[in-house]
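Asks: I'd like to go over a predicted model; first the sequence, then the structure.
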Amino acid sequence: MRVFITLFLLLSISACSNNNTPTQKKPAAETQYLTVLHTNDNHGRFWHNEKGEYGMAARKTLIDQLRNDAKAQGHAVLLLSGGDINTGIPESDLQFAEPDFKGMSFIGYDAMALGNHEFDNPLSILKQQQQWANFPLLSANIFDKKTGENAFQAYQIFKQQGLTIAVIGLTTTDTAKIGNPQFIGGLEFKEPVEITKAVAQKIKVRYQPDITIAVTHMGHYVDASYGINAPGDVTLARSLPHGTLDMIIGGHSQEPICMTADNKSDDNFKPGMACKPDQQNGTWIMQAHEWGKYVGKAMFKIEKKQLTLINYELLPVNLYIDKVNANGITVPELANEYITPNPELKSFLAPYQAKGAKQIEGKIGFVNAKLEGDRNKVRYQQTNLARVIIQAQMNSVNADFGLISGGGVRDSISAGEVSYKDILKVHPFKNRITYMDWQGQDLWDYLDIVTRFPPDSGAYLQYHQLSFERNNDSLINVMINGKELNKTKTYRMSLNSYNASGGDGYPALTDLKGFVSTEETDAQALKRFFSEYSPVNAAEFSPK
């Protein structure tokens with residue numbers, strides 16, 4: 001692998017970002033072509049799932065074919081990622097995404113945006129991941145608070161087929177509130193619009209690029225309706241002078257960007273269907289859902305300095321869709337022809353899969369019905385899994401009640417036997433269990449803040465053995481264990497270290513009197529709960 005990476009770097013045609021020496025441009029051909037391939041939000045899916053869907057080895061087979069076909073037609077070709085390589089599958093998480101970054105190097109990615117989940121581990125781990133990658137991890141809007149300088153490489157210049165292509169990286173400013181404060185305290189996440197203007201102008205003066213691309217991890221929000229999230233790709237495109245960016249290759253919102261009309265998404269899109277990307281202020285905006293389920297392919301023509309989209313596709317990687325057969329029975333069917341996994345990459349990744357699987361093998365408990373942790377539920381409403389999690393953490397510290405933010409619940413647990421892998425998919429972050437001993441009045445003031453977080457956000461409050469109402473923006477009727485909160489009494493609250501440190505915008509508690517952090521992690525607490533209380537009756541934790 002080291003030999004592979006070294007050779008790749010020596011043969012690379014791309015230039016470094018800030019120290020490049022400009023070169024004289026050669027006269028361009030009358031018509032030129034560019035193919036951009038892209039993925040985003042890998043989240044640990046280096047290996048295929050139980051049905052054989054996606055996986056990096058099959059992705060490489062598809063990308064090799066697309067790249068070769070494009071080059072044979074005289075196209076310049078770039079392969080970009082919208083970030084969030086980390087966090088999601090225990091086999092990857094336990095190895096700090098080493099197989100994922102090395103797998104991307106094997107496939108031949110040219111650059112990626114730094115996502116918020118690249119900061120789920122200490123910065124020393126991110127530095128190691130940068131060494132595993134033979135391509136740059138870009139972000140122009142993350143700065144070192146001490147020096148005021150860019151904390152990461154801001155952009156990369158590529159020269160192919162007579163084209164000069166600039167790629168600028170951008171990261172959501174929400175990272176400052178959803179990232180772990182213990183890891184990102186020395187970083188500043190600046191608003192991307194002004195940063196992009198300045199960087200694009202600097203690149204224009206120095207390199208006169210034919211094409212300028214932003215590879216981002218900021219999210220696509222239709223018609224710029226970003227709610228309480230940080231503004232995303234649509235806002236960026238609309239806020240920049242026309243012509244600043246030719247395209248945005250994005251991530252973070254984890255969706256296929258397919259539009260039926262201006263500012264109207266195709267909610268009926270399924271694998272294998274046609275897809276038209278968004279366009280705002282002359283900038284094409286693209287995103288390929290998540291997990292390597294698709295490879296996005298955009299083909300462009302550049303003629304008389306005008307960029308024209310010839311064709312766009314979201315190509316599924318061994319995804320299944322439901323088909324109704326002649327007997328009226330719904331059966332799974334591949335959306336496209338089967339893609340044979342690249343044998344060399346599959347062989348390279350197999351030891352990582354085996355090592356990770358061995359660390360999490362074995363059953364630890366049983367639950368009689370699904371425990372709901374799906375993203376579209378746990379960020380919108382109270383769920384039974386959130387209450388099981390909180391009960392496990394309350395048990396660890398003998399708390400009267402407990403809280404977590406909905407965004408900290410990363411997966412559901414299906415009915416039946418529960419494995420350690422199931423636990424780690426729910427809790428991939430290794431947060432510690434903490435508690436706070438509150439005086440009643442101080443607790444009321446704290447609850448007045450955290451009960452304001454709205455649905456459709458990672459901060460949305462999940463709670464157990466607590467009830468309350470909000471009326472005309474006022475907190476009323478607070479009950480703990482079924483009894484009215486007494487403002488002169490002391491109560492113990494369980495909370496994970498992420499929220500206690502200020503994550504998701506929660507008030508930081510770590511310096512307050514009465515705060516205690518334990519050494520037990522959220523995954524350990526939930527694992528012990530299933531070991532001690534199985535079979536778990538899901539109905540006992542059903543929100544009322």
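Replies: Yep, that arrived.
Asks: residue boundaries of the helices in the stretch 51-200 of the chain?
Replies: Using DSSP state H, counting those that start in this stretch, the helices of the stretch 51-200 of the chain run over residues 56-72, 90-93, 98-107, 123-132, 175-178, 181-184, 192-207.
Asks: excluding chain neighbours, what is closest to the residue of the chain most remote from its centre?
Replies: Distance from the C-alpha centroid of the chain, by C-alpha atoms, centre = their mean, peaks at residue 488 (43.0 Å). Of all residues not flanking residue 488 in the chain, residue 440 sits nearest, at 5.7 Å (C-beta to C-beta, 6 or more residues apart in numbering). Using the backbone N, CA and C atoms, a C-beta is placed for each residue, glycine as well.
Asks: and the gap between the one you found and residue 486?
Replies: According to C-beta to C-beta, to the nearest Å, residue 440 and residue 486 sit 5 Å apart.
Asks: tell me which of the two has more neighbours.
Replies: When residue 440 and residue 486 are compared on other C-beta atoms under 10 Å, the one with more neighbours turns out to be residue 440, at 16 against 12.
Asks: I'd say the more buried one and residue 484 touch.
Replies: No - using C-beta atoms under 8 Å, residue 440 makes no contact with residue 484, being 10.1 Å away.
Asks: and the gap between the residue farthest from the centre of the chain and residue 443?
Replies: Residue 488 sits 11 Å away from residue 443, going by C-beta to C-beta.
Asks: next: residue 382.
Replies: 20 Å.
Asks: and residue 78, by the same measure?
Replies: Taking C-beta to C-beta, one finds residue 78 at 53 Å from residue 443.
Asks: ok, those two, which is more surrounded?
Replies: When residue 78 and residue 443 are compared for neighbours, residue 78 comes out ahead with 27 against 24, by other C-beta under 10 Å.
Asks: tell me the spacing between the more buried one and residue 67.
Replies: Residue 78 is 10 Å from residue 67, by C-beta to C-beta.
Asks: give me the common contacts of those two.
Replies: Listed as contacting both residue 78 and residue 67 by C-beta atoms under 8 Å, 6 or more residues apart in numbering are 35, 37.
Asks: so what's the most centrally placed residue in the chain up against?
Replies: Nearest to the mean C-alpha position of the chain, by C-alpha atoms, centre = their mean, lies residue 84 at 4.0 Å. Residues in contact with residue 84 (C-beta under 8 Å, 6+ apart) are 40, 41, 42, 43, 115, 116, 117, 118, 217, 251, 252.
Asks: now residue 492, nearest residue through space, not along the chain?
Replies: For residue 492, the spatially nearest residue (C-beta to C-beta, 6+ apart) is residue 399, at 4.5 Å.
Asks: where do the strands sit along the stretch 251-400 of the chain?
Replies: For the stretch 251-400 of the chain, the strands defined by DSSP state E, counting those that start in this stretch cover 259-261, 264-265, 278-280, 283-286, 294-303, 306-316, 320-324, 330-334, 363-367.
Asks: buried deepest among those, which one?
Replies: Mean neighbour count, computed with mean count of other C-beta atoms under 10 Å, is highest for strand 283-286 among the strands of the stretch 251-400 of the chain, reaching a mean of 24.
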